[in-house]
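Peer 1: any chance you can model this:
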Amino acid sequence: MTTYSTSHDLTNRQRPRHALALAFVFLAFAIAHSALGHPADQSEMRVRPKPHQLEIRLTFNILTLTRFTGIDTDGDGKISMAELTAAQPRIGTYLNQHIHVEINRKKALLGYGMRIEPVWPNPAQTPPMTEPEYAARNVDVTFVQTFEGKVLEDFWLGFEIFEQTGPMQTIHALFEQDGRIEDVSFSVQEPEYLYDTGYASDPFVQEAEKKQKDGNSAPKEEEMPLRPAAVLASASPLAAPAASPPAGTAAGMSAASVAPMGGNPAVKLASPIDAVATAEPPSAERWWMVRAVVIMIMLVVGRKLQLSARARRVSPRRRPRPR
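Peer 2: Predicted coordinates for the structure are as follows:
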């Protein structure tokens, strides 16, 4: 009997400790959950820079879009596909006003052309969505810009959407360029990022730009006459009197030594010129082949040096938000 009471008292004394430990566990879980944020507060972005193009795709859920602008126009607590389609211009205007962009250190926009694509199956057949569905429905908002006459050297993005979305909102961004991926997160603590494409010093891009400029300005070689010396020699009036002397005279013997019997002396006269004209292109062609090989080797070495230098960079370059 005494043993039972002692064990019973120990059990009663241990219960508060177990309850206190469980309380600490639940508190730690709640703090971690609030620090990480709810999935409804997480958005995605994919950026694909090219020498003359910039593509930015933002992925928001409908709950986040409702914080940008009103979508439920009839106020029934549901959003139909017609209401979402009608809200596209307002969504594009809001994003262009609250996501700042600088391209090559000059102010720009996300883009005038925008497309919104729902990412769930059969969106056209979706019935009006209720509020609990807003956080589970994602939409892609894509902007594409093209640049004529200039290379995309760098661009800067600055977000000012966190006042509407709340401080827990985060945007997970992937910068994809030439097979490389850079991971960047935007938040209320870090709302901006400057990305250097490297195209300004890329030897491959510079060589392509040079070839494009040369192709637009230089005349085509095919349009030039191939053998102007032979054509001028055959059409020269000085070659005609050479065939007039009789074959029996000394002049005729001289003419026979210059031209074959029954032939045009102009053809024989043009032969050495034609031989020189046909002998020059092979040497010039060999010279250009050697020069092209040397240029390609230099481009490959320069590209490798550039990639290794870019890989050594650890800290991204950031600068303050423009006022």
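Peer 1: low-confidence ranges in the chain?
Peer 2: 1-38, 213-284, 304, 306-323 (pLDDT under 70).
Peer 1: can you give the domain ranges for it?
Peer 2: If you go by automatic domain parsing, the domain ranges for the chain are 1-36, 42-199, 219-311.
Peer 1: gap between the two ends of the second one?
Peer 2: In terms of Cα to Cα, to the nearest Å, the two terminal residues of domain 42-199 are separated by 31 Å.
Peer 1: show me where the stretch 51-200 of the chain has its strands.
Peer 2: In the stretch 51-200 of the chain, the segments counted as strands under DSSP state E, counting those that start in this stretch are 53-61, 78-79, 99-103, 106-108, 114-118, 129-130, 138-146, 154-159, 170-177, 180-186, 192-196.
Peer 1: now those in CSV, with distance to Ala87?
Peer 2: Placement of C-beta: from N, CA and C, glycine included. CSV is the format used below for those (distance: least, Cβ to Cβ, whole Å):
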stretch, distance to Ala87
strand 53-61, 12
strand 78-79, 9
strand 99-103, 17
strand 106-108, 24
strand 114-118, 9
strand 129-130, 13
strand 138-146, 10
strand 154-159, 20
strand 170-177, 20
strand 180-186, 23
strand 192-196, 27
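Peer 1: for these, which one sits closest to Arg303?
Peer 2: Judged by Cβ to Cβ, the one of the strands of the stretch 51-200 of the chain that comes nearest to Arg303 is strand 180-186, at 12.9 Å.
Peer 1: packing partners for the closest one?
Peer 2: Here strand 180-186 touches strand 170-177, strand 192-196, going by 3 or more Cβ pairs under 8 Å, 6 or more residues apart in numbering; DSSP states H and E.
Peer 1: nearest to Lys211, out of these?
Peer 2: strand 170-177 (21.7 Å).
Peer 1: on that earlier part again, can you say which of the helices and strands packed on strand 180-186 is nearest to Ser80?
Peer 2: That would be strand 170-177 among the helices and strands packed on strand 180-186, by Cβ to Cβ, at 27.1 Å.
Peer 1: now the angle between strand 53-61 and that closest one, please.
Peer 2: Interaxial angle, strand 170-177 versus strand 53-61 (axes from the mean of the first three to the mean of the last three Cα atoms, to 10 degrees): 150 degrees.
Peer 1: related to what we said a few turns ago, would JSON lines of the strands of the stretch 51-200 of the chain with distance to Ile297 and mean neighbour count be doable?
Peer 2: As requested, those are arranged in JSON lines below (distance: least, Cβ to Cβ, whole Å; neighbours: other Cβ atoms under 10 Å):
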{"stretch": "strand 53-61", "distance to Ile297": "29", "mean neighbour count": "20"}
{"stretch": "strand 78-79", "distance to Ile297": "60", "mean neighbour count": "20"}
{"stretch": "strand 99-103", "distance to Ile297": "33", "mean neighbour count": "19"}
{"stretch": "strand 106-108", "distance to Ile297": "36", "mean neighbour count": "11"}
{"stretch": "strand 114-118", "distance to Ile297": "43", "mean neighbour count": "15"}
{"stretch": "strand 129-130", "distance to Ile297": "59", "mean neighbour count": "16"}
{"stretch": "strand 138-146", "distance to Ile297": "33", "mean neighbour count": "17"}
{"stretch": "strand 154-159", "distance to Ile297": "29", "mean neighbour count": "21"}
{"stretch": "strand 170-177", "distance to Ile297": "24", "mean neighbour count": "17"}
{"stretch": "strand 180-186", "distance to Ile297": "23", "mean neighbour count": "13"}
{"stretch": "strand 192-196", "distance to Ile297": "26", "mean neighbour count": "18"}
